[in-house]
Every structure is written in structure tokens, then in C-alpha cells.
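> Provide a 3D model corresponding to the input given below.
(one chain, ligands or ions: 2)
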Amino acid sequence: MAYDYPPEKLSVYLSDDGGSQLTFYALLEASKFSKHWLPYCRKYNVEPRSPAAYFKSMPKPLNATHASSLASIKKLYEEMETRIERPIELGRIFEETQPKHKGFSRWDSYSSRHDHDTILEILIDGRRPEDKDVEGWPLPTLVYLSREKRPQYTHNYKAGAMNALIRVSSKISNGEIILNVDCDMYSNNSQSIRDALCCFMDEKHGQEIAFVQWPQMFSNITKNDLYGSSFRATMQVEFHGLDGFGGPIYIGTGCFHRRDALCGMTFSKDCLVKWKSKNQMKIEASTQELEEEAKCLASCTYELNSQWGKEVGLKYGFIVEDAITGMTIHCRGWKSVLLNPIRPSFLGLSPTTLPQFLMQQERWGEGLLQLVLSKYCPLWYGHKKISFGHQLCYCHYGLWAANCLATLCYTAIPSLYLLKSIPLFPEISSPWFLPFAYIIISKYTYSSVEYLRCQGTFRGWWNEQRAWLYKRNSSYLFAFLAIVLKLLGLSDQAFVVTAKAADKDVSERYESEIMEFGHSSPMITLLATLALLNLLCFATTMGLQIVLCAVLVLINFPLYEAMFFRKDKGKMPMDVTMKSVVYAFVGCIGFSLLLKG
Ligand SMILES: O=c1ccn([C@@H]2O[C@H](COP(=O)(O)OP(=O)(O)O[C@H]3O[C@H](CO)[C@@H](O)[C@H](O)[C@H]3O)[C@@H](O)[C@H]2O)c(=O)[nH]1
Ligand SMILES: [Mn+2]
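Ligands and ions are numbered 1, 2, ... in the order given. Here you go, the predicted structure:
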């Protein structure tokens, strides 16, 4: 709401797929606080304008009047915080809160979060004279939406939620440009709207731009990025490269879309939008009428027998709704563009434990591979619609998961052959050693220099190598198997929301960059088994093979530590350690016997 942009042209929608009265209550409280916060931001031009992030950054007042405003706004904020947190601890809102806003009564017919009517409330209607901030300036419109859910109708996860928002907002504000951000993100730059509009309104290229994408960045990345979650090279190097082929892929968050393009419009040279004349749609209905009219747009049955989820809006049936939606937009002739200013514009939360990270990566890997193996395969579907380079870019991400097979071979087979002293690579004295050495040295020099140039640390690079190894050997393998099973018609898939909340203990370990293994899972067991296998094989000496094995042992160090030395709760679960010790021994002995035979 506090963007540096005329408030009467701005509307904010919150989609609550959890349908929680607590979320509604928190938003109501925030809407009251905004009446004080917006004038404060305007007056002192503060940054960032997410109050939580602002107060956490320990702002320094400019002068005495600022100091007193700061103190009083901080007090208001903290009071609001307590008012929100107390009911959350209790698990429900207080009895006396209920009658204070008519919105709460919308939960009267609510039975569960999987079974309820549409809940739509315009908390602030920018057109209403009473909805002004404390200085009498207009406020952006603020809307709470929890779309209808019924057990007998599939809700299509995030894509379904976004499509409901697109329709509801078309009734209430019908803005030409739509920004969407995930629930765990905050705005870190009050200028982003203007930045995005610069791209859309560019006289030369603006009219063909369908979306402006920011790289995904996180507020909770530690110095050496333990799980390699920031994807530095991908966001800062590859995506800029994609700009040369038609633009970055849509990554689901931190992205401004042209409403028309998102709703299925094909680009053509003569669809030149006259921005000024177009935004004249005057909405006359009263707030209550608008709520009633918009409500039916978020019902379960609205999309039946329509093109929503197919040709209009975000696409259904894909685990990564974003990549496929972006690709079809590109295939309709539009371009996209990456904006990556020095000050990050949107900051989110990345997973803080290894199992959470691996699960998220499994979903991405599976979703992207699903795209390549579907009828939307960039090579067929994109043929003659987007450039060959662009097709290959989509395949590059789409085939991430397929990488698991080669990685698995490299981490298990050469080490096992060490046991029997069978060389798989050329001896150091052989001239054939040179091409291997050349590739290994140049690849790792290149990737580490690239990482350092993206403001990373050397330890961060090393951690990222480990993260790639782990996700290829576990997440991607499971993703690959899931897709194969799905192709054979043996399983189904769902969008598993990435958990990010963590208890204090876990957060502290995350801050000090100690890997969190937590509970046992097949993915972790697999990683532990492979790591032990390497440790067991690391006995004989043999040229390149031993080097590979040594590197694997070295990179797996945190894992051994978690198995044999750590005492805290984030260490490797005992059952995983036992299982993987047994598996690794069985693997080694079995392999020895096999070769003997
Ligand atoms: O039934 C659902 C499930 C998810 N979401 C929302 O989807 C967003 C993304 O989910 P999250 O669990 O945060 O996924 P991440 O792995 O962190 O997200 C990345 O990957 C997703 C799948 O590609 C993209 O949708 C996201 O934008 C992108 O940030 C969240 O805001 C959720 O609130 C819904 O609204 N309804
Ligand atoms: Mn997210």
C-alpha cells in the first residue's frame, strides 16, 4: 500500500487460501495501521516500507521531530503486533472482536477451509470519502479474498487462487497491470511500480512486453548461503542472457503482468495500447454492490466449461504453473524483461532446513520436467512461435531433474570401482588425462569466478556445489521417478506448499549455517548412504578416481558430522544413520561380490 504511486490508482488484494479468520483480522488491523503508516512513509521517504522490515533495520531519525514521529509510529506498530499475536496464540479471535466488523460474520456459514463460501471484503474502498489516511489523503483500495472451496471441486492450488483474483480484481479496480507476490514476501523498494511501468511504457519496446520479472531474492539468506537457495548465477547471469532470446521465464512471484496478456491476448503490432484513454473505466457501484457482484467470480462453478486455466489466466494441471504460463505468453508473441536493480525489490523466505529445501527442489524439478514431457514441450509447442534459443532455455530448466541419472552414476560407480582398484579414468601419465583435467579445471574455475562475481563468497560457492549434488541425487531423482510413475499412470501429484516457519532452535542453527537434517525421509537416507559409500571407498589410491572420491568425501563433511558427532536436534536422525550404514556396507560388499563373479 505504501508504494510511491498515486493511491487512487492502486489496489491491493490479499488471497487467503487458508480462509482464516485470523488472517482477516490481521489484515483489518493492518488496514487501520496503514492510515498512520502511509503519511509517515510519505513524509520521511522511508525505505523499506514494510513496517516489520523497517523497524528491524533500526532506522536512524533525521532530526528531533522525526525522532518523535518515529517513536509514536513504532508504538502504534508494536501495539498492533500484540493485538494480532495474542489471538494467534489462542488460535481464534476474541469474542469481543467479532461484533466490531461486519466481515467476521462471513464466517457464519464456514465449515472448514476445504468447504466454505467465498469470503470477500473490501476493507478500504479508495473511492469512499471516509477511507482516508490521518492526513486526509486517499488510500489504496484493500480487498480480502478467500475464494469458495468445496471438496467436490478441484481448486487448482496457486493457479486457481490467482485466477480468482484476476477476475475479482477486474470487477473492483480493473488495473491494466498486475503485480503478484507470494505470501512470504515483502516489498523492499517503494519505486518498483514506477520501475516496471518504465518497461511497459518504453516507446520503442514497451508495447511488446507482457511481463516484467524481478529475480527471486530472500531476506533470510546467510552469508555463505548454506543450501545454495539464492541461485545466484541463475538469477543474475542466466536470466539476463534470456533477455536476449525474448525474456526471462515467469517465476511466479515478484512479477508485473499486463492483464491482457495474462488473460490470453495474443500480441500483434496493432494492439498498441493507448494507456491514457484506456484507464477511463469508471466504477459506479457502491462498495456493497461491488462485493456482491465480485463474489460470484470466485465461486467453484464459475470456471466450469470456460477457458480459465486453459487459454485464459494461469494454466492448470502443472506443478509449476508459473513456467508454463510464462511460456504460453511468450508463444503468443509477447516478450518479457528482467529488472535487477541494485536494491532488491521483493524479498521472500527460503527454506531453512535440508528436508524442506529438498522437497521444494523436488517440486520444481518435477514441475519443470513435466512441462518438457507434456504436449507443451518447448521444442514442439514453441516451434516457430519462439526462437530456437528460447526453446533451449526452457529445456535447460525443464531438464534439471533429468540430471539425476548422470550425477548418481558419478557419485556411486567410480568410488565403488576403487574398492576393486579398477581404474575408470586415464592414468595421470597418460595423454588422455589432459582432456579430463582441462574440463574439470575450466568448469570449476569458471563457476567459482562467476559465483564470486555475483557477490558470493567462496564458502558460498562450495556450499552451492554441495546443494547441487544433494538435490540432483535426491530431489531430482525422486522428481524423475514421480514423473515416470505419472506417465505410466501409477501416481498423481499435488502442489505441496513449502514450509518455512521454523522454531527458534532451528532458526538459530540456520543463522550459524549448521545443516538441519531433522526428521528422517527417504531422500536424506539416500544422501547419507551415498556419502558413506564414498567414505568406505576412500581407502585405496588411484589417480583421478581417488580425487573424485576425495572431493565427494570433503563436500559431504557436514553430513558425516551430523551422523557421528553432533548432539543437537538438527543432527541426522538415528534411524537414518543406521539404515544408511547398513545400505552402504551392503552396497560395497554386494558390489565386490558382483565384480568377483
Ligand atoms: O493451494 C495453494 C498453494 C499455494 N498457494 C500460494 O503459492 C505461493 C507459492 O508457494 P510456496 O510454497 O511459497 O512455493 P515456493 O517453492 O516458495 O515458490 C516458488 O515456486 C512456485 C512453484 O513454481 C511458484 O508458484 C512461486 O511463486 C515461487 O516463489 C504461496 O504464496 C502460496 O500462498 C496458494 O495460494 N494456494
Ligand atoms: Mn515462496
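
> now the residue of the stretch 301-450 of the chain found nearest ligand 1: closest residue in space, sequence neighbours ignored.
Shortest the stretch 301-450 of the chain-to-ligand 1 distance, computed as Cβ to the nearest ligand atom: residue-wise this is residue 320, at 3.7 Å. Bear in mind the C-beta positions are built from the backbone N, C-alpha and C, glycine included. In space, residue 320 comes closest to residue 367 once its chain neighbours are excluded; the distance is 3.1 Å by Cβ to Cβ, 6 or more residues apart in numbering.

> contact partners for that neighbour?
The contact partners of residue 367, by Cβ atoms under 8 Å, 6 or more residues apart in numbering, come to 318, 319, 320, 323.

> what secondary structure does residue 83 sit in?
Here residue 83 takes the helix state, with states given by DSSP: H, G, I helix; E, B strand; the rest coil.

> do the one 3 residues further on as well
State at residue 86, reduced to three classes by three-state DSSP: helix.

> next one: residue 211
With three-state DSSP as the basis, residue 211 sits in strand.

> for it, give the beta-bridge partners.
Counting by DSSP bridges, residue 211 forms beta bridges with residue 257, residue 336.

> burial of residue 265, as a residue count?
Around residue 265 there are 17 other residues, counting by other Cβ atoms under 10 Å.

> pretty sure it sits against residue 328.
No. Under the criterion of Cβ atoms under 8 Å, residue 265 is not in contact with residue 328, lying 11.6 Å apart.

> what residues does the stretch 51-200 of the chain have near ligand 1?
Those residues of the stretch 51-200 of the chain that sit near ligand 1, judged by Cβ under 6 Å from any ligand atom, are 157, 158, 161, 182, 183, 184.

> out of the residues you listed, which sit inside helices?
Taking DSSP state H, the ones among these that sit in helices are 157, 158, 161.

> I'd like those residues laid out as JSON lines, including pLDDT and neighbour count.
Written out in JSON lines, the entries for those read as follows (pLDDT from 0 to 100; neighbours: other Cβ atoms under 10 Å):
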{"residue": "157", "pLDDT": "94", "neighbour count": "18"}
{"residue": "158", "pLDDT": "96", "neighbour count": "21"}
{"residue": "161", "pLDDT": "97", "neighbour count": "20"}
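
> and the two most separated of the contacts of residue 367?
With distances taken as Cβ to Cβ, the most widely separated pair in the contacts of residue 367 is 319 and 323, at 9.5 Å.

> could you report the distance from residue 31 to ligand 1?
Counting by Cβ to the nearest ligand atom, to the nearest Å, the gap from residue 31 to ligand 1 is 20 Å.

> which strand or helix spans that residue?
When elements are assigned from DSSP states H and E, residue 31 belongs to helix 21-44.

> now do residue 465
Using DSSP H and E, the element containing residue 465 is helix 458-470.

> list of residues touching that helix?
Contacts with helix 458-470, where a contact means Cβ under 8 Å, 6+ apart, come from 223-229, 232, 354, 357-358, 407, 411, 447-448, 451-452, 456, 527, 552, 555-556, 558.
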